[in-house]
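>>> A structural model of the following input is requested.
(chains A and B)
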Amino acid sequence: MATEAAHHTAMSLAEQLPVLQVLVPFLAAPLIVFVGHRGLAWLVAFVTSAAAFVIAGLMLGQVIGGGVIYYHIGGWAPPLGIEYRVDATNAFVLLLVSGISTIVLPYARQSVASEIPLRHHALFYACYMLCLTGLLGVVVTGDAFNVFVFLEISSLSTYVLVAQGSHRDKRALTAAYDYLIMGTIGATFFVIGLGMLYMATGTLNMADLAARIASQGANRTVIAAFGFIVVGMGLKAALYPLHLWLPNAYTYAPSAVTSFLAATATKVAIYVLMRFMFSVFQPAFLFEGNTLEFLIMPLAVMAMFAASVIAIFQTDLKRLLAYSSIAQIGYMLLGIGMLSQTGLTAAIVHLFNHGITKAALFMGVGALVFRTGGSFFDRVQGMGKTMPWTSGAIVIGGLSLIGVPGTAGFVSKWYLVQGALEKGWWPVAVLIVVSSLLAVIYVWQIIEALYLQAPAKDIPAGEAPATMLIPMWIMALACIYFGLATDITLGAAQAAAQGLLAGSSGMLSH
Amino acid sequence: METHTAILLTLALPTLAAVSNIVLRDQANLRDAVTLAGAVATFLSVLQILANVGNGTSETLVLFEILPGLDLAFQVEPLGLLFAIVASGLWILTHIYGVGYMRGNKEDHHARFFSCFSLAIASVMGIALAANMFTLFLFYEVLTLSTYPLVAHKGTPEAIRGARTYLGVLIGTSIGLQLIAIIWTYAIAGTLDFTRGGILDGKIAGSMVAVLLALYAFGIGKAALMPFHRWLPAAMVAPTPVSALLHAVAVVKAGVFTMLKVGIYIFGIDFLAATGASVWLMWLAAFSIVAASVVAMTKDNLKARLAYSTVSQLSYITLGMALATSMGVLGGGMHIAMHAMGKITLFMCAGSIYVATHKTDISQMTGLGRIMPITFGAFFIGALSIIGLPPLGGSWSKWLLIMAAADTGQWLMMVVLGLSSLLNVAYLLPVVGRGYFLKGQDIPADAKMNEAPWMVWLPPALTAVGCIVLFFFAGDIQTFLSPIVAPR
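Numbering: from 1, shown residues only, chains lettered A, B, ... in the order given. The predicted structure follows:
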């Protein structure tokens, strides 16, 4: 726990972890620009990202038992100062974001080299670091306005990263532009919601907000604020039907960016949604309004079906996976909508499991793009023979996406169905498994294309380089590992769910 | 050797065989020899378990906890051990047969083929030795996935279509129905361990018992209960060794084995009998038996006919469980072994005919018995065993099932079983009769014997002998299985 005397007494580095989590990648960004050299830029980015991962791991170790780390920036106590606040929920998300980033970066080296001109590389990695900073900052902070600030840092850098895909396909520019417009609308909604909350309560510290909303109860301003925040974050999270920016952004962004964003960006938005829904507003607030059951849940189910069906009809592998992401976000929202320990556990564990699954899949597809120059089925078909390792990783990721037992996806689905049954929501349990079957269809289209079709004529033979294969396989093996050994993921998810369900009492400031 | 070591070996050896096929993919002879050694070693390891445990129940071997309260765990009990012995024993013969068939037929992708084949066997061992429904389900799905490449093996549009049906039905039923049933069971019983007498007594009542049973019965798609039987004929596009071992022994038997396990160790036979929840299943199984036999009669393609015959015979085992008496369960359990031996003979004969003459339709097989006497002889014996005539193994399991039907006063079930035997005669024996006694147009009267290579005709001849041997050991099998229905 940071004390007021923090800034003028020597503190051990360990106590500074929450701020270092953000500061390290933040400082790396200008450093990379100064260095300017392509290889060094990558190295700095990688080392930074690895450091962020270690920091997140250390913090998760401290809070997984149910503890909370409070950190006051500059020693200024909240509500005046900005407070960073780490509990099991966000430590888990921090670990996911920094971990994915660390694994994607080695992969990015050759993938980026093939998709982006050399002179842009240093700036690319600087943007990447800023994006990482923003994502980590959104998660680590306990200050509502600070969430908005970091959100904008990550969003603005994301627009640039997506637009970098224009060197491969010009449509990346319109995709980035779409994302910019939609993302800005989302951010605006979010900040309007915050403004209303500030008007009603006079504070922006999340814990303070929670306490005051709890004591004064709901009024029209607070309810409106809730609406604005959910819609704003829903846009960022690609909550159906606010998902329109996602397919193009994922399809046309550079492969490494897609792998990183798909596994982290929407997950962070989901985290913010959960944090606001449960910790800032009250579970009771949600319950009385039946918001979750009558608003979030139907949208979640629609996402699971509509997006899966659209995915089935895609001819571009990246776009197929993008639509599948929208469907999978539906599962997370469904878990949130259950408003129960099991349901939230499922949502949080799926946040992680889907993160690693999609990272493996997008990296696999990125490797196919690297070799064949395209992600359309007619380009990548028959590559099971020439690129056995890449194809193998895609198969494992695909099985995890379906939720075959023994893979990470199964664990989340098990909890989701169990949560539905606990509530007595029979039809929902059936809908969950039926939508998994839709996943079977689109995953099998990929597998059939890779293994049972003849390759196109002009495709150069050869497997992807090891720097791409190793990260891809780390993710693929993680899909299996976390499907069999669930101590870490489930332990963290259960602790996180408990903290969230405790509502504002889980947010009490010290 | 410790039992637990043997269990691990039984699972590891076929997996290693699968890996060795990939590693040694370019050295055909060495590769096939290593796999054969793996098959023999697997069989020996299962026999070691038999020597240690006999028809008792072993200690549970917990590998690790997957979800809180749900372990990846193995336990030997008589029914599972019988299944493991049958599957691993027949794997040896089928491997020899498979090598002969794949070479004789000049099929491609041998390494991939035998690798997936071995992996399928590994998952069958996992299913047979699973200590709880969760572990069983895990291997059940691995079995589906590892056999998919075998069904799609030829890569022709027809094979791809067949493989799609295969995967669609099996994954669809298992995730769509069985998984819900398992999670539901876990939610109400708090455990998924296979327990003598079942785990559901007192946890669920009324019509919900029948609903849960329905989720299981239809969810276990591999048992090919109508109307979820379409995958079985669809899978016949696979090379014949696959049909022989996987779709006569491993995959389909994994289905009915799961069905028996659920009936005996999840619901409990007494609980089923007391609630009457399985009466509807009995009628559906009876319908499956008769309807599939009738469809079989209309098929001219020999493998398709055998496939529908399998659908019909599998329902014998489901029927045995649904009768909810010890006799029925014993009959069902024994039929796993008896039908496996008979049906693998028939499938291997069909493959043998195909290798030697490239004929697939029964109408083209006129007179072939004269030039392929061994194959047709083996087919004859296998067919008699399926029909259930003494002195062949199949007669005993059918006998037990008829006894069980009589015990429970289900006279109509006795009629169904009798009728089914007649239908079996009607669709199996004409194949033999045509082969031996009718004169083929393109086969000269003085034609010389022209069998397939020995690697192809010898295995079915051996399993045909096995059908006869089983007749004399049926009593031992019944004694061996008896603990599964012993009172708690």
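
>>> quick one: residues in contact with stretch B:457-465.
B:90, B:93-94, B:96-97, B:341, B:344-345, B:348-349, B:352, B:372, B:374-375, B:377-379, B:381-382, B:451 (Cβ atoms under 8 Å, 6 or more residues apart in numbering or on different chains). (Each C-beta comes from the backbone N, C-alpha and C, glycine too.)

>>> send me it as CSV with only the CA atoms.
The C-alpha trace of stretch B:457-465 is given here as CSV (Å, rounded to 0.1, in the frame of the first residue of the first chain):
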residue,chain,number,x,y,z
TRP,B,457,-7.3,-62.8,-46.2
LEU,B,458,-5.6,-64.2,-43.1
PRO,B,459,-6.9,-61.7,-40.5
PRO,B,460,-10.6,-62.4,-41.3
ALA,B,461,-9.9,-66.1,-41.3
LEU,B,462,-8.5,-65.7,-37.8
THR,B,463,-11.4,-63.6,-36.5
ALA,B,464,-13.8,-66.2,-38.0
VAL,B,465,-12.1,-68.8,-36.0
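
>>> give me every residue that touches A:Phe352.
Counted by Cβ under 8 Å, 6+ apart, A:Phe352 has contacts A:Phe92, A:Leu96, A:Lys267, A:Ala408, A:Phe482, A:Thr489, A:Ala492, A:Ala493.

>>> what does the host helix or strand of the last one contact?
Under the criterion DSSP states H and E, the helix or strand holding A:Ala493 is helix A:487-501. With Cβ under 8 Å, 6+ apart as the test, helix A:487-501 has contacts from A:60, A:63-66, A:87-89, A:91-92, A:274-275, A:278-279, A:283, A:340-341, A:344-349, A:352-353, A:408, A:411, A:482, A:506, B:65, B:67-68.

>>> distance from that helix to the middle of the chain?
Distance, stretch centre to chain centre, for helix A:487-501: 17 Å (Cα atoms, centre = their mean, to the nearest Å).

>>> which members of the contacts of stretch B:457-465 occur in helices, if any?
B:90, B:93-94, B:96-97, B:341, B:344-345, B:348-349, B:352, B:374-375, B:377-379, B:381-382 (DSSP state H).

>>> what about the residue of the stretch 251-400 of chain B found nearest chain A, how many residues nearby?
For the stretch 251-400 of chain B, the residue closest to chain A is B:Thr258, as judged by Cβ to the nearest Cβ, at 13.8 Å. The tally of other residues near B:Thr258 (other Cβ atoms under 10 Å in any protein chain shown) stands at 25.

>>> follow-up on the earlier one: of the contacts of A:Phe352, which is the most crowded?
Ranking those using other Cβ under 10 Å puts A:Ala408 first, with 31 neighbours.

>>> wait, isn't that one in contact with A:Leu401?
No: here A:Ala408 does not reach A:Leu401: they are 9.6 Å apart, not a contact under Cβ atoms under 8 Å.

>>> between those two, which contacts overlap?
A:Thr357.

>>> what segments of chain A are strands?
A:69-72, A:83-86 (DSSP state E).

>>> near chain B, which residues of the stretch 351-500 of chain A show up?
A:399, A:402-406, A:411, A:414, A:417-418, A:421-422, A:429-430, A:433-434, A:436-437, A:440, A:444, A:448, A:451-452, A:483-487, A:490 (Cβ under 8 Å from any Cβ of the partner chain).

>>> among those, the buried ones, what's the ChimeraX command?
A single ChimeraX command selects the buried members of those (16 or more other Cβ atoms under 10 Å in any protein chain shown):
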select /A:399,402,403,404,405,406,411,414,417,418,421,429,433,436,437,440,444,448,451,452,483,484,486,490
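
>>> from the contact counts, what lies against the helix or strand harbouring B:Thr5?
Using DSSP H and E, B:Thr5 falls within helix B:3-23. Where contact means 3 or more Cβ pairs under 8 Å, 6 or more residues apart in numbering or on different chains; DSSP states H and E, helix B:3-23 is packed against helix B:28-53, strand B:61-67, helix B:78-104, helix B:110-129.

>>> could you tell me the angle between that helix and helix B:110-129?
Using axes from the mean of the first three to the mean of the last three Cα atoms, to 10 degrees, one finds that helix B:3-23 and helix B:110-129 are set 160 degrees apart in direction.

>>> in helix B:3-23, what counts as buried?
Those buried within helix B:3-23 under the rule 16+ other Cβ under 10 Å are B:3-4, B:6-18, B:20-21.

>>> stretch A:41-60 too?
A:41-46, A:48-53, A:55-56, A:59-60.

>>> over to stretch A:371-378?
A:Arg371, A:Thr372, A:Gly374, A:Ser375, A:Phe376, A:Phe377.

>>> ditto for stretch B:349-366
B:349-357, B:360, B:362, B:364-366.

>>> quick check: mean pLDDT of it?
For stretch B:349-366, mean pLDDT rounds to 83.

>>> tell me how far stretch B:62-70 is from the chain's mean position?
28 Å.

>>> and if you look at stretch A:444-456?
That offset, for stretch A:444-456, works out to 29 Å (Cα atoms, centre = their mean).

>>> again with stretch A:306-324
Taking mean C-alpha positions (Cα atoms, centre = their mean), stretch A:306-324 and its chain are 19 Å apart.

>>> quick check: end-to-end length of that stretch?
10 Å (Cα to Cα, to the nearest Å).

>>> is chain B contacted by it?
No: remark: stretch A:306-324 sits outside contact range of chain B, by Cβ under 8 Å from any Cβ, the gap being at least 13.0 Å.

>>> ok, the residue of the stretch 101-250 of chain A found nearest chain B to B:Leu13 distance?
Checking the stretch 101-250 of chain A residue by residue against chain B with Cβ to the nearest Cβ singles out A:Tyr240 as nearest, at 22.4 Å. Distance of A:Tyr240 to B:Leu13, given as Cβ to Cβ, to the nearest Å: 48 Å.

>>> if we can go back for a sec, nearest to chain B among the buried residues of stretch A:371-378?
Nearest member of these to chain B, counting by Cβ to the nearest Cβ, is A:Phe377, at 14.4 Å.

>>> which residues does the closest one contact?
By Cβ under 8 Å, 6+ apart, the neighbours of A:Phe377 are A:Thr315, A:Asp316, A:Leu317, A:Gln445, A:Ala449.

>>> per-residue pLDDT, the closest residue to the third one other than its chain neighbours?
Going back to what we said before, that points to A:Leu317. Distances taken as Cβ to Cβ, 6 or more residues apart in numbering or on different chains put A:Ser375 closest to A:Leu317, at 4.4 Å, once the chain neighbours are dropped. A:Ser375 is assigned a pLDDT of 81 by the prediction.

>>> surely A:Ser375 is in contact with A:Leu321?
No: using Cβ under 8 Å, A:Ser375 is not in contact with A:Leu321; the gap is 9.1 Å.

>>> which of the strands of chain A sits most buried?
Of the strands of chain A, the one with the most neighbours on average (mean count of other Cβ atoms under 10 Å in any protein chain shown) is strand A:83-86, at a mean of 24.

>>> give me the contact list for that strand.
A:17-19, A:22, A:59, A:62-63, A:68-73, A:94, A:140-143, A:205-207, A:507, A:509.

>>> equivalent analysis for stretch A:478-486, please.
So stretch A:478-486 is contacted by A:349, A:352-353, A:356-357, A:360, A:396-397, A:399-400, A:405-411, A:488-489, B:64, B:66-68, B:72 (Cβ under 8 Å, 6+ apart).

>>> so which of those residues belong to helices?
A:349, A:352-353, A:356-357, A:360, A:396-397, A:399-400, A:408-411, A:488-489.

>>> which of those residues sit farthest apart?
A:Leu399 and A:Ile488 (20.8 Å; Cβ to Cβ).
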